[in-house]
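Peer 1: Give me a model of this one.
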Amino acid sequence: MSENKLTVWQRLSQTFGPNSLLGQDYPTYKYDKSELLKTTSKAEYDREKLQAQQTYYLANQWGRIENNLYTQAVYYEPTRLSSFYDYESMEFTPEIGAALDIYAEESTTVDQNGFMLQIYSESSRIKSILGDLFNNALDINTNLPMWIRNTCKYGDNFVYLKLDPEKGIVGCMQLPIIEIERLEASMGAHSSDSTTNPEKKHLKFKWKQKDLEFNTWEMAHFRLLGDDRRLPYGTSMLEKARRIWKQLLLSEDAMLIYRTSRAPERRVFKVFVGNMDDADVEPYIQRFANKFKRSQTVDQKTGNVDMRFNQMAVDQDYFVPVRDTTQTMPIETLPGAANLSEIADIEYIQKKLLTALRVPKAFLGFEETVGDGKNLSLQDIRFARTINRIQKNMISELNKIAIIHLFILGFEDEISNFTLSLTNPSTQADLMKIDVWKEKILLYKDMVSDPGSGIAAVSMSWAKKHILGFSDEEIKLDLQQQRIERAVGEELKKTAEVITHTGLFDNLDKLYGKKESEPAGTPSEGGAPPDGGMGGFGGGESTPSEMPSAPEAPAAPEAAPTVPEGDDSRNSGLNILLENSGMLNEDELIDLGRVQESLGEMGAQLDKLLKS
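Peer 2: This next block holds a predicted model:
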C-alpha cells in the first residue's frame with residue numbers, strides 16, 4: 001500500500017508503533033537458494049555465509065539477554081505495586097509532602113513573560129502551533145505542575161492524549177498510575193495478561209482493570225529514569241527514603257509513647273495497713289485505689305452514662321501499703337521525665353530523610369540562613385541540578401507530544417524544527433555560568449592582545465578553539481558573520497547619503513517649516529516672525545528678542561495660507577501635538593493672536609498668585 005493511501009493513524013503506527021520497532025528489529029538468517037550472490041570465488045561465498053550466521057547468532061544473543069532483563073522487570077511488578085502504597089502513605093508526612101511540592105514548584109518556574117514552557121523555532125508558524133497546543137489544548141500552566149508532582153512521587157505518570165485527525169491533540173486525561181502497565185518489545189510473553197501475543201513485538205500500554213490497550217502514540221509516559229533494575233518504569237524520588245521514612249515513624253511513635261507515659265508527675269499513696277494479714281492487703285489496697293478512679297453514674301433524666309473523674313488522682317499513681325505508724329508524708333510526688341528535649345536520635349533519622357530527598361533543609365524550614373546566604377546559594381546550585389534532571393525527563397516526553405501533534409497536522413518535515421525548555425530555577429547557577437564566561441573572555445583578550453612586541457601570545461583562531469571551545473567550522477562561520485556585520489555597519493554609516501528624505505515629518509514641515517520664498521533667519525513683512533518661529537500662522541507685532549508678556553491687544557494677524565478643501569493633513573499633523581484635535585475647525589487654522597491672548601491671561605493669573 002502506498003504512503004498516500006494510508007490514514008493518519010496508520011502512518012502514526014508505522015512511525016511510532018505498533019508496526020514499527022524504530023529500527024530495533026532483529027536480523028534473521030536467510031542464506032539459501034532464494035538469496036542471490038554473484039561470485040566466482042568459493043572463499044567469498046563461505047565468508048559471506050559465515051558472516052550471516054554470526055550476525056544471526058549475535059541477534060539471538062541480544063534477544064535472550066533482552067528477554068531476561070524484561071522478565072526481571074515483570075517480576076518486579078508486585079514490588080512496584082507495594083511501593084505505590086508506601087508512596088501514598090509517605091505523602092502525609094509533612095517533610096515529604098513539602099518536598100514533592102518543592103519539586104513541582106521549582107521545576108515549573110515561570111520566565112519573565114509568565115510562561116512555564118519556552119518554545120523555540122525558526123518557523124513562526126510552528127512556534128504558534130505548539131504554543132496553542134501547550135497553552136490552550138493541554139493547559140500546560142495548570143497540568144504540568146501536577147504531572148511533575150505525580151512523576152516525582154511515583155516515578156511514572158501516564159497521560160492519555162485525545163487525538164483528532166484534523167486538529168491534532170485537542171485534550172488530555174490523567175490515568176491511574178497504579179493500574180497502567182507498559183509492555184515493550186520481548187515483554188509480551190511475560191505479561192500479566194495471558195491473551196497477549198508474544199510474537200507481536202511492539203511497545204504498548206495496557207489498563208489492566210479495564211482491559212484496554214493503547215498504542216504508544218496515544219499515551220504520554222512521563223518517567224524518571226534512575227535505576228535500570230526498574231526499567232521500563234521510572235524511579236520515584238521517594239524510593240531512597242522509604243526505609244528511612246519507616247524508621248522515622250517508629251522513632252516518633254516511641255518518642256510520643258515515652259512522653260505520654262513518663263512526662264506527667266506521679267504520686268505515691270502510702271496506705272496504712274497495720275498488722276493486717278498479708279492475704280488481705282492486696283484487696284484492701286485495690287479497694288482503696290478504686291476510690292480515686294472513675295466511677296460510672298447514670299443520669300436519671302437522660303439515661304446517659306456519666307464518667308465522673310476525681311481530679312486529685314491519676315490512673316498511673318502508685319499505692320504502697322505500709323505498716324510503720326511513724327511513716328511520714330503519706331502522699332509523695334514523683335517528678336516526670338527530665339530528658340524530654342533530647343531528640344538527637346530523631347534529628348539523626350530526619351537528616352538522613354532529607355538527604356534521601358535531596359532537598360536543602362533550609363528550603364523545608366529546618367535550618368536558618370546564616371551570614372549572607374552563601375551556604376544556601378551553594379545548596380541551591382546542587383538542588384538545581386536535581387531539578388534540571390527532572391526537567392530533562394519531562395521535556396523528553398513533551399517533545400514526543402509535540403511531534404505527534406505536528407505529524408497529525410501534516411508538518412512531517414518540521415517535526416525537528418523546534419526546541420522545548422523549562423526555566424532554570426536557580427539564579428545562582430546562571431550567575432556562575434556568567435562568571436565563567438567573563439573569565440574566559442578576559443583570558444581570551446589577554447591571550448590575543450599585543451604585549452608590545454608586535455606578536456600576540458596566540459592567534460585568535462587558537463584562542464577561540466582552546467579557550468572558547470569553538471570548532472573549526474564554528475570559527476569559519478564566526479568570521480563570515482563578522483564580515484557580514486562589518487558590511488552592514490558600513491552601510492549604516494552611509495544612510496544619510498542613501499536616504500535623503502523619509503517623509504516622516506512632512507506634516508510637521510507643512511505647519512512649522514519656513515517659506516520657500518524667504519531665506520532662513522529673515523523676518524517677514526510687518527515685523528511678524530518667520531514661519532519657522534511661530535508655526536507659520538502669523539502673529540502680532542513682535543520680534544524674536546521681544547515677545548509680548550502681557551495680554552495686550554495684538555496686531556492683526558497675517559493671512560493664513562490656504563489649504564485645499566478636504567485636506568486633512570493639517571489636522572492629522574497636529575494630533576501628535578494637541579491632546580484634543582477637536583479645537584481645529586475644518587475651515588480655519590489656529591489664530592496665533594488668540595493663543596497669545598490666552599497665554600497672557602494665564603500669565604496675569606500666575607502673577608496674582610505669586611504676589612499673594
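
Peer 1: Now do the buried residues in the helix or strand containing residue 511.
Peer 2: Per DSSP states H and E: residue 511 is located in helix 506-512. Buried residues in helix 506-512, defined by neighbour count with 16 or more other CB atoms under 10 Å: 507, 511-512. C-betas here are computed from N, CA, C, even on glycine.

Peer 1: tell me what that helix is packed against?
Peer 2: Applying 3 or more CB pairs under 8 Å, 6 or more residues apart in numbering; DSSP states H and E, one finds that helix 506-512 contacts helix 569-574.

Peer 1: average model confidence for the helix it packs on?
Peer 2: What helix 569-574 shows for mean pLDDT is 44.

Peer 1: do the same with stretch 170-179
Peer 2: Stretch 170-179 comes out at a mean pLDDT of 90.

Peer 1: Start and end of it, how far apart?
Peer 2: 24 Å (CA to CA, to the nearest Å).

Peer 1: Only the buried residues of that stretch, if you could.
Peer 2: Buried residues in stretch 170-179 (16+ other CB under 10 Å): 172, 175, 177-178.

Peer 1: Would you mind pulling the contact partners of that stretch?
Peer 2: 81, 84, 137-138, 143, 146, 150, 154, 156-164, 207-210, 219-220 (CB atoms under 8 Å, 6 or more residues apart in numbering).

Peer 1: Mind naming the longest helix for this protein?
Peer 2: Taking DSSP state H as the criterion, the chain has its longest helix at helix 374-409.

Peer 1: What about the contacts of stretch 170-179, which are in helices?
Peer 2: By the criterion of DSSP H, membership of the contacts of stretch 170-179 in helices covers 81, 84, 143, 146, 150, 154.

Peer 1: Of the residues you listed, just say which sits nearest to residue 452.
Peer 2: residue 143 (63.0 Å; CB to CB).

Peer 1: what about the nearest residue to that closest one once chain neighbours are set aside, distance to residue 505?
Peer 2: Sequence neighbours aside, residue 172 is the residue nearest to residue 143 in space, at 7.0 Å (criterion: CB to CB, 6 or more residues apart in numbering). According to CB to CB, to the nearest Å, residue 172 stands 55 Å off from residue 505.

Peer 1: Equivalent analysis for residue 383, please.
Peer 2: Taken as CB to CB, the span from residue 383 to residue 505 is 57 Å.

Peer 1: higher neighbour count, the two?
Peer 2: Each of residue 383 and residue 505 has its neighbours counted (other CB atoms under 10 Å); residue 383 has more, 21 against 12.

Peer 1: So that one sits against residue 362, correct?
Peer 2: No. Using CB atoms under 8 Å, residue 383 makes no contact with residue 362, being 10.1 Å away.

Peer 1: quick one: low-confidence parts of the stretch 451-600 of the chain?
Peer 2: The model of the stretch 451-600 of the chain has pLDDT under 70 over residues 514-600.

Peer 1: Among the buried residues of helix 506-512, which one lies nearest to residue 420?
Peer 2: For the buried residues of helix 506-512, the nearest to residue 420 is residue 507 (47.4 Å; CB to CB).

Peer 1: for residue 607, what are its contacts?
Peer 2: Counting by CB under 8 Å, 6+ apart, residue 607 touches no other residue.

Peer 1: you'd agree it is in a helix?
Peer 2: Yes. Per DSSP: H, G, I helix; E, B strand; the rest coil, residue 607 lies within a helix segment.

Peer 1: mind checking how far it is from residue 252?
Peer 2: 83 Å.

Peer 1: before we move on, what about residue 161?
Peer 2: To residue 252, residue 161 is 43 Å away according to CB to CB.

Peer 1: Give me the more crowded residue out of the two.
Peer 2: residue 161 (21 against 15).

Peer 1: Tell me who's in contact with the more buried one.
Peer 2: 169, 171-172, 217-220, 401, 404.

Peer 1: Can you give me the distance of it to residue 429?
Peer 2: Between residue 161 and residue 429 the distance is 33 Å, computed by CB to CB.

Peer 1: tilt between the lengthiest strand in the chain and helix 374-409?
Peer 2: When the chain is parsed with DSSP state E, its longest strand is strand 156-164. For strand 156-164 against helix 374-409, the angle by axes from the mean of the first three to the mean of the last three CA atoms, to 10 degrees is 30 degrees.

Peer 1: What residues sit buried inside strand 156-164?
Peer 2: 156-161, 163.

Peer 1: between these, which is nearest residue 231?
Peer 2: Using CB to CB, the buried residues of strand 156-164 come closest to residue 231 at residue 156, 11.4 Å.

Peer 1: ok, that closest one touching residue 234?
Peer 2: Yes. Counting by CB under 8 Å, residue 234 is a contact partner of residue 156 at 4.9 Å.

Peer 1: who touches both of the two?
Peer 2: Joint contacts of residue 156 and residue 234 (CB under 8 Å, 6+ apart) are 222-224.

Peer 1: Using JSON lines, lay out those together with distance to residue 470, neighbour count and pLDDT.
Peer 2: Below are the shared contacts of residue 156 and residue 234 laid out as JSON lines (distance: CB to CB, whole Å; neighbours: other CB atoms under 10 Å; pLDDT from 0 to 100):
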{"residue": "222", "distance to residue 470": "36", "neighbour count": "25", "pLDDT": "94"}
{"residue": "223", "distance to residue 470": "36", "neighbour count": "23", "pLDDT": "92"}
{"residue": "224", "distance to residue 470": "35", "neighbour count": "24", "pLDDT": "91"}
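
Peer 1: Could you single out the nearest of these to residue 424?
Peer 2: Looking across the shared contacts of residue 156 and residue 234 and measuring by CB to CB, the closest to residue 424 is residue 224, at 18.5 Å.

Peer 1: For the closest one, give me phi and psi.
Peer 2: Dihedral pair for residue 224: phi -100, psi 110, per degrees, to the nearest 10.

Peer 1: And for it, nearest residue in space, chain neighbours not counted?
Peer 2: The shortest distance from residue 224 to any non-neighbouring residue, by CB to CB, 6+ apart, is to residue 234 (4.2 Å).

Peer 1: secondary structure class for the one you found?
Peer 2: Per three-state DSSP, the local secondary structure of residue 234 is coil.

Peer 1: Which stretches in the stretch 201-350 of the chain count as strands?
Peer 2: Here the stretch 201-350 of the chain has its strands, by DSSP state E, counting those that start in this stretch, at 204-207, 212-215, 219-223, 266-272, 295-298, 305-308, 318-322, 331-334.
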